[in-house]
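Peer 1: 3D model of this:
(5 chains)
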Amino acid sequence: MIRGKVTGRVWSTKRIDTLPNGALLEVKVGTSTLVAFDPLGCAEGEEVLITQGSVAAAYFTNIKAPVDALIVGSVDAS
Amino acid sequence: MIRGKVTGRVWSTKRIDTLPNGALLEVKVGTSTLVAFDPLGCAEGEEVLITQGSVAAAYFTNIKAPVDALIVGSVDAS
Amino acid sequence: MIRGKVTGRVWSTKRIDTLPNGALLEVKVGTSTLVAFDPLGCAEGEEVLITQGSVAAAYFTNIKAPVDALIVGSVDAS
Amino acid sequence: MIRGKVTGRVWSTKRIDTLPNGALLEVKVGTSTLVAFDPLGCAEGEEVLITQGSVAAAYFTNIKAPVDALIVGSVDAS
Amino acid sequence: MIRGKVTGRVWSTKRIDTLPNGALLEVKVGTSTLVAFDPLGCAEGEEVLITQGSVAAAYFTNIKAPVDALIVGSVDAS
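Peer 2: This next block holds a predicted model:
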């Protein structure tokens, strides 16, 4: 997994039908930015763990969900 | 997913048979460029979300489609 | 696989249900950092080998485990 | 997919049995170089599109073909 | 595939049970280093081709082998 910080949210009205409804969050990881599906209701500034690739898509019962980045956890504040 | 901006289109006449017909768009992501299959009819300059890897290929009912980058949505203008 | 050094541990209480219980270790690989599932009980400072992607998830009998980085071995001190 | 330019060919006599016979081309993509399987008979200097990962391997009827980079098309000269 | 040069070998006694026995070689690819499973008996200094990801794991009859980098050929000296 990779660790990053939520920096915003992306809305997409024009989308393919199989993209699941739910929050798509921008997450800064090092110097780059990913857009990840968020099933946990994370907020801006939150530190999260992201899983990528086909492993992320397997989360959805709809096996065709075209999601390759999934927030799997929020990092506990230390 | 990653977010990028459509910068052009690529045509390929000499291609393998299983590459689906449809638009192949050049998308600038940070400092690099990808070529993604576009099922949404996106235009140059449009901001899009791209899914990569086997998750992208699963979009096609032909399970052999050799496509590893798919435009899954257009980012709403804010 | 890639080789890295364990630099810490991450705790995540707010997480998706299918994320397996067990240690999530921060591992420094070159100039970047991954978070990998550790089935071996590795300690901070230990040199480890990490497998990534769907191959990592296949380790879990629960085929839905959203884990894309797995510590598969500890490098013998030379 | 990614776009690159063919810069040469690689020969490998000592190889695993399941590596398919056929051309293995060196393709320059940005500042790095990949070696891709070429089913199209591309020439040095040709601009090509490459698909990577398990999607590339699925091209082969032998499901065990250890090929993770496949030339899927040649870019039309504009 | 990617091309690299063998620079050493890694030993791992503490490992997960499904990691196959056999040589794990360090291979320098550009400025980074991978650890790849070697079924060919390659030597230090040898130029090799590496396949990555789930395609590499598919080489093993044990479908659970957590190997994401496999040496598939040695580059012929030119």
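Peer 1: give the partner strands of the strand of greatest length in chain A in its sheet and their orientations.
Peer 2: Longest strand in chain A, counting residues (DSSP state E): strand A:2-10. Here strand A:2-10 is paired, per DSSP bridges, with strand A:23-29 (antiparallel), strand A:47-52 (antiparallel).
Peer 1: so the spatially most central residue of chain A, which state does it fall into?
Peer 2: Centroid check for chain A by Cα atoms, centre = their mean gives residue A:36 as the closest residue, at 2.0 Å. Of the three states, residue A:36 takes strand under DSSP: H, G, I helix; E, B strand; the rest coil.
Peer 1: nearest residue to residue A:58 in space, please, no chain neighbours.
Peer 2: residue C:64 (5.6 Å; Cβ to Cβ, 6 or more residues apart in numbering or on different chains). In this view, the C-beta of every residue, glycine as well, is placed from N, C-alpha and C.
Peer 1: give the contact list for the closest residue to chain D within chain A.
Peer 2: Using Cβ to the nearest Cβ, the closest approach of chain A to chain D is made by residue A:54 at 7.9 Å. Residue A:54 sits next to A:68, B:53-55, C:53-54, D:54, E:54 when contact means Cβ atoms under 8 Å, 6 or more residues apart in numbering or on different chains.
Peer 1: that older thread, residue A:73 is in contact with the residue nearest to the centre of chain A, correct?
Peer 2: No - applying Cβ atoms under 8 Å as the test, residue A:36 and residue A:73 come out as separate, 11.7 Å apart.
Peer 1: which residues touch residue A:13?
Peer 2: Neighbouring residues of residue A:13 by Cβ under 8 Å, 6+ apart: B:74, B:76.
Peer 1: helix or strand: which one has it?
Peer 2: According to DSSP states H and E, residue A:13 maps onto no helix or strand at all.
Peer 1: for chain A, which spans come out with low pLDDT?
Peer 2: Within chain A, the stretches with pLDDT under 70 are A:62-63.
Peer 1: hmm, what's the outermost residue in it?
Peer 2: Distance from the centre of chain A peaks at residue A:78, with 22.5 Å (Cα atoms, centre = their mean).
Peer 1: what separation is there between that one and chain B?
Peer 2: Counting by Cβ to the nearest Cβ, to the nearest Å, the separation of residue A:78 from chain B is 29 Å.
Peer 1: let me see the contact set for that residue.
Peer 2: For residue A:78, the contacting residues are residue C:11, by Cβ under 8 Å, 6+ apart.
Peer 1: now do the SS call for the closest residue to residue A:48 other than its chain neighbours.
Peer 2: Ranked by Cβ to Cβ, 6+ apart and with sequence neighbours excluded, the top spatial neighbour of residue A:48 is residue A:71, at 4.8 Å. Classification of residue A:71 by three-state DSSP places it in strand.
Peer 1: and residue A:71, how close does it get to residue B:15?
Peer 2: According to Cβ to Cβ, to the nearest Å, residue A:71 and residue B:15 sit 37 Å apart.
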